[in-house]
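> attaching a predicted model along with its sequence, questions to come.
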Amino acid sequence: MRPEYDFAGAVRGITARRYALAEIGAYDHTLPVTQEELVVERESDAPWRLAEQLLTDRFTRVKRRTKYIAGFVTASGHQIAQERRGELIRTWVEVKPPQFVGVTVEYYPPSRVRNSNLVANAPRLAKGKEAWKVAVEEIATFTDVVDWYGGL
């Protein structure tokens with residue numbers, strides 16, 4: 001049985017920590033502040049979380065992530081965006097990927113609606129541009145996709 005978690009107490013503690021960090025100029029904008037963000041912090045083994053860490057290690061963030069999307073740019077300037085929820089690893093890329101076993105690719109023509117957070121986090125993947133949404137179940141397979149995309 002999962003132990004009860006004091007969300008209100010955790011939020012108070014995080015708020016106090018934020019004020020203390022702000023006082024010394026070391027405020028961390030990635031600290032969780034809502035109950036939903038605390039749940040996400042506790043589920044650190046979620047596949048999308050592992051994928052985001054891999055992207056963080058390999059590429060440069062476009063800007064601070066939003067609740068739903070984290071955007072990155074490769075050394076060659078290609079943008080890649082990671083959806084921050086769900087059981088599958090869902091990533092947006094600018095270039096159609098080759099076939100990988102265990103990977104589903106969905107084409108988004110410029111006119112097709114997609115996650116609105118792409119505008120801020122990876123504008124070259126937002127509506128008005130071509131993009132491919134890649135869905136992967138396993139982190140090992142996602143690593144192959146990241147290796148391919150990083151090599152472009």
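Sure thing, it's come through. Every value quoted in this text rests on a predicted model; they were computed, and no experiment measured them.
> how near is the residue nearest to Ala75 when sequence neighbours are not counted to Gly86?
Counting by CB to CB, 6 or more residues apart in numbering, Ala75 lies nearest to Gly150, which is 7.2 Å off, once chain neighbours are set aside. (Glycine included, C-beta is placed from N, CA and C.) From Gly150 over to Gly86 the distance is 23 Å, taken as CB to CB, to the nearest Å.
> of the two, who's got more company?
Gly150 (16 against 11; other CB atoms under 10 Å).
> ok, that one - contacts?
Neighbour list for Gly150: 58-59, 74-75 [criterion: CB atoms under 8 Å, 6 or more residues apart in numbering].
> mind listing the strands for the chain?
Using DSSP state E, the strands of the chain run over residues 60-61, 69-73, 79-83, 89-93, 103-108, 131-136.
> mean pLDDT for these - can I get that in a markdown table?
Putting the strands of the chain into a markdown table (pLDDT from 0 to 100) gives the following:
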| stretch | mean pLDDT |
| --- | --- |
| strand 60-61 | 95 |
| strand 69-73 | 95 |
| strand 79-83 | 97 |
| strand 89-93 | 97 |
| strand 103-108 | 97 |
| strand 131-136 | 97 |
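> now Lys67: closest residue in space that isn't a chain neighbour?
Arg84 (6.9 Å).
> so what's the one you found up against?
So Arg84 contacts 40, 48-49, 52, 65-70 (CB under 8 Å, 6+ apart).
> what about it, distance to Gly71?
11 Å.
> do the same with Glu52
Per CB to CB, Glu52 is found 11 Å from Gly71.
> likewise for Glu87?
Using CB to CB, Glu87 is found at 21 Å from Gly71.
> more crowded one of these two?
Higher neighbour count among Glu87 and Gly71: Gly71, with 28 against 9, using other CB under 10 Å.
> check contacts around the more buried one.
61-63, 65, 79-82, 118, 120-122, 125.
> what of Glu87?
Residues in contact with Glu87 (CB under 8 Å, 6+ apart) are 46-47.
> over to it: give its phi and psi.
phi -90, psi -30 (degrees, to the nearest 10).
> show me where the chain has helices.
Remark: helices assigned in the chain by DSSP state H are 7-23, 35-42, 47-58, 118-121, 139-150.
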